[in-house]
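J.: Sharing a model prediction with you, sequence too.
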Amino acid sequence: MSATRKSLWTLVVAILTTACASGPRWVAAGGTYTPPSNRYTMQLPQGWRRLEGQDWLLTSRDGPFLQSLSVRIIEVDKPLGKSTKKVLARGMLPQEAAEVIQDAIASSPGMQGMKLLENAPAELDGRPGFKLVVGYKDEDGLKMKAVVYGVLVGDSLYQLTYRAPERYYFQQDLATAEQMRATFRIAQPAAVQTRGAN
């Protein structure tokens, strides 16, 4: 393990250890997961763990450096980070949103030599979206691979990302990540639910 990876792991362990009383901590993940916002649900496999207390999701079986599936919600018209000026806009076509996300990924720190391996239409919760597959090297030179699914719903992009080292771990857990994606459901806004009840 490189010095950078050891330092990062030590920092993560220290933060999680000191934050256990009030901050996020790893908990068993098997079963239905719904974040505090109630904006989505998905089934998480037995034997995996997730960070507790977060509205976004980070889940892993062997630790986030070996494989992880994350879910985040990105609001339109807001910066995607310091490394890109592109933003998502309401009503974008799936491939337009894919280009914005691809740019944000490519310009993120730790994405040395990123190569786009696939950019294709895909569904998420039965809605038209996109699928990006990228290869890159992390800061330690380890070859990584990631699959990113996204769908724009109203003012939010729902993004699921599965990432793992290209060698061994990526293929080992890809089917599990795809099963989790198949169970992903976006909640209807309260106003839509109320109107539908009348």
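T.: Structure's in. What do you need? On a predicted model such as this, the values are computed, not experimentally measured, just so you know.

J.: quick check: longest strand of this structure.
T.: strand 112-124 (DSSP state E).

J.: I'd like to know how far residue 169 sits from residue 142.
T.: Computed as Cβ to Cβ, to the nearest Å, the residue 169 to residue 142 distance reads 10 Å. From N, CA and C alone the C-beta is placed, and that goes for glycine too.

J.: who's more crowded, those two?
T.: residue 169 (18 against 14; other Cβ atoms under 10 Å).

J.: Now do the same contact list for that one.
T.: 62, 66-67 (Cβ atoms under 8 Å, 6 or more residues apart in numbering).

J.: and if we set it to 6 Å?
T.: The contact partners of residue 169, by Cβ atoms under 6 Å, 6 or more residues apart in numbering, come to 66-67.

J.: Can you give the distance of the longest strand of the chain from its chain's centre?
T.: When distances are taken as Cα atoms, centre = their mean, to the nearest Å, strand 112-124 is centred 14 Å away from the chain's centroid.

J.: and the gap between residue 175 and residue 90?
T.: For residue 175 relative to residue 90 (Cβ to Cβ), the value is 34 Å.

J.: for the protein, what helix or strand is lowest in average pLDDT?
T.: helix 190-197 (a mean of 42; mean pLDDT, DSSP states H and E).

J.: Output the longest strand of the chain in CSV, but only the C-alpha positions, please.
T.: Taking Å, rounded to 0.1, in the frame of the first residue of the first chain, the C-alpha atoms of strand 112-124 are listed here in CSV:
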residue,chain,number,x,y,z
GLN,A,112,-5.5,10.8,-14.2
GLY,A,113,-5.7,9.6,-17.8
MET,A,114,-9.5,9.2,-17.8
LYS,A,115,-10.8,7.4,-20.8
LEU,A,116,-14.4,7.3,-21.8
LEU,A,117,-15.1,3.6,-22.6
GLU,A,118,-18.9,3.9,-23.2
ASN,A,119,-21.5,6.7,-23.4
ALA,A,120,-24.9,5.2,-24.0
PRO,A,121,-28.6,5.7,-23.3
ALA,A,122,-29.8,3.8,-20.2
GLU,A,123,-32.8,3.7,-17.9
LEU,A,124,-32.9,4.4,-14.2
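
J.: so what pLDDT did the most centrally placed residue in the chain get?
T.: By Cα atoms, centre = their mean, the chain has its centre lying nearest to residue 70, at 3.0 Å. Residue 70 is assigned a predicted lDDT (pLDDT) of 96.
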